[in-house]
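1. Structure for this input, please:
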Amino acid sequence: IQPFHYQCSKASTSNEVASVFSRAEQRQMTVDRARQQCLVFMDEAGLPEEERESLKVLHYLLEGHMSSSPNVAFVCITNHILDAAKSNRCVCLLRP
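-> Model (predicted):
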(Lines give C-alpha, C1' and ligand atoms only; values in the text may rest on other atoms or scores of the structure.)
Protein backbone atom coordinates (compact mmCIF):
# COMPACT_ATOMS: atom_id res chain seq x y z
CA ILE A 1 0.00 0.00 0.00
CA GLN A 2 1.31 3.42 -0.91
CA PRO A 3 -0.39 6.06 1.26
CA PHE A 4 -1.12 9.64 0.25
CA HIS A 5 -1.76 11.56 3.47
CA TYR A 6 -3.90 14.65 3.88
CA GLN A 7 -4.26 16.39 7.24
CA CYS A 8 -7.52 18.34 7.31
CA SER A 9 -7.81 21.69 9.03
CA LYS A 10 -10.42 24.42 9.33
CA ALA A 11 -8.73 26.09 6.35
CA SER A 12 -8.81 23.01 4.07
CA THR A 13 -9.98 23.60 0.51
CA SER A 14 -11.60 21.33 -2.06
CA ASN A 15 -8.64 21.96 -4.37
CA GLU A 16 -6.25 20.53 -1.77
CA VAL A 17 -8.39 17.42 -1.34
CA ALA A 18 -8.76 16.93 -5.10
CA SER A 19 -5.01 17.38 -5.54
CA VAL A 20 -4.24 14.49 -3.16
CA PHE A 21 -6.66 12.22 -5.03
CA SER A 22 -5.17 13.32 -8.35
CA ARG A 23 -1.63 12.45 -7.21
CA ALA A 24 -2.79 9.05 -5.96
CA GLU A 25 -4.63 8.32 -9.23
CA GLN A 26 -1.61 9.33 -11.31
CA ARG A 27 0.66 7.12 -9.23
CA GLN A 28 -1.78 4.19 -9.43
CA MET A 29 -1.61 4.35 -13.24
CA THR A 30 2.17 3.81 -13.14
CA VAL A 31 2.30 0.81 -10.80
CA ASP A 32 1.31 -2.83 -11.11
CA ARG A 33 -2.04 -2.98 -9.37
CA ALA A 34 -1.45 -6.60 -8.34
CA ARG A 35 1.62 -5.53 -6.37
CA GLN A 36 0.73 -2.06 -5.12
CA GLN A 37 -2.43 -0.13 -4.20
CA CYS A 38 -2.52 3.63 -3.64
CA LEU A 39 -4.51 4.85 -0.65
CA VAL A 40 -5.68 8.36 0.20
CA PHE A 41 -5.58 8.71 3.99
CA MET A 42 -7.48 11.73 5.34
CA ASP A 43 -7.01 12.61 9.00
CA GLU A 44 -9.38 14.81 11.04
CA ALA A 45 -12.02 14.93 8.30
CA GLY A 46 -14.45 16.63 10.66
CA LEU A 47 -12.34 19.79 10.98
CA PRO A 48 -13.11 21.65 7.72
CA GLU A 49 -15.91 24.15 8.14
CA GLU A 50 -19.21 23.16 6.51
CA GLU A 51 -19.70 26.66 5.09
CA ARG A 52 -16.54 26.31 2.98
CA GLU A 53 -17.74 23.00 1.50
CA SER A 54 -14.14 21.77 1.43
CA LEU A 55 -15.14 18.12 1.47
CA LYS A 56 -17.96 18.40 -1.05
CA VAL A 57 -15.47 17.28 -3.71
CA LEU A 58 -15.50 13.87 -2.00
CA HIS A 59 -19.01 13.29 -3.38
CA TYR A 60 -17.55 13.35 -6.88
CA LEU A 61 -14.31 11.53 -6.04
CA LEU A 62 -15.95 8.63 -4.18
CA GLU A 63 -18.55 7.91 -6.85
CA GLY A 64 -18.28 6.09 -10.14
CA HIS A 65 -16.56 8.84 -12.16
CA MET A 66 -13.27 6.98 -11.70
CA SER A 67 -14.49 3.89 -13.53
CA SER A 68 -12.31 4.70 -16.55
CA SER A 69 -9.25 5.54 -14.45
CA PRO A 70 -7.54 3.50 -11.72
CA ASN A 71 -9.45 3.43 -8.46
CA VAL A 72 -7.61 4.37 -5.32
CA ALA A 73 -8.50 3.30 -1.81
CA PHE A 74 -9.74 5.90 0.68
CA VAL A 75 -9.62 5.97 4.48
CA CYS A 76 -10.92 8.88 6.52
CA ILE A 77 -10.58 9.36 10.27
CA THR A 78 -12.73 11.79 12.19
CA ASN A 79 -13.96 12.45 15.70
CA HIS A 80 -17.08 14.14 14.30
CA ILE A 81 -20.07 12.66 12.53
CA LEU A 82 -19.94 13.45 8.82
CA ASP A 83 -23.06 14.56 7.01
CA ALA A 84 -25.34 11.98 5.39
CA ALA A 85 -24.09 12.68 1.86
CA LYS A 86 -20.54 11.68 2.80
CA SER A 87 -21.54 8.88 5.18
CA ASN A 88 -23.66 7.22 2.49
CA ARG A 89 -20.57 6.85 0.28
CA CYS A 90 -18.55 4.86 2.78
CA VAL A 91 -18.53 2.29 5.51
CA CYS A 92 -18.60 3.84 8.96
CA LEU A 93 -16.94 2.21 11.94
CA LEU A 94 -17.93 3.69 15.28
CA ARG A 95 -15.92 3.00 18.38
CA PRO A 96 -17.35 3.91 21.80
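2. ok, which stretches of the chain are helices?
-> Listed in chain order, the helices of the chain (DSSP state H) span 14-30, 57-61, 84-87.
3. Residue 46 is nearest to which of those helices?
-> Proximity to residue 46 (C-beta to C-beta) singles out helix 84-87 among the helices of the chain, at 10.1 Å. All C-beta atoms are positioned from the backbone trio N, CA, C, and that covers glycine.
4. Just the buried residues of that closest one, please?
-> residue 86 (16 or more other C-beta atoms under 10 Å).
5. same for it, what does it pack against?
-> Using 3 or more C-beta pairs under 8 Å, 6 or more residues apart in numbering; DSSP states H and E, the elements in contact with helix 84-87 are helix 57-61.
6. Can you give the contact residues for the helix it packs on?
-> Applying C-beta atoms under 8 Å, 6 or more residues apart in numbering, the contact partners of helix 57-61 are 14, 17, 18, 21, 74, 85, 86, 89.
7. Now the buried members of the residues you listed.
-> The neighbour-count test (16+ other C-beta under 10 Å) marks 14, 17, 21, 74, 86 as buried among these.
8. pLDDT check: weakest of those residues?
-> By pLDDT, residue 86 ranks lowest within the buried ones among the contacts of helix 57-61, coming in at 71.
9. can you pull the contacts of that residue?
-> By C-beta under 8 Å, 6+ apart, the contact set of residue 86 is 55, 58, 59.
10. ok, now how distant is the last one from residue 21?
-> This means residue 59. Distance check for residue 59 against residue 21: by C-beta to C-beta, to the nearest Å, it reads 12 Å.
11. what pLDDT does residue 20 get?
-> Per the predicted model, pLDDT is 94 at residue 20.
12. before we move on, what about residue 70?
-> 54.
13. With distance to residue 50 as added columns, please give the contacts of helix 57-61 in TSV.
-> Formatted as TSV, these follow (distance: C-beta to C-beta, whole Å):
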residue	distance to residue 50
14	13
17	14
18	18
21	20
74	20
85	11
86	11
89	17
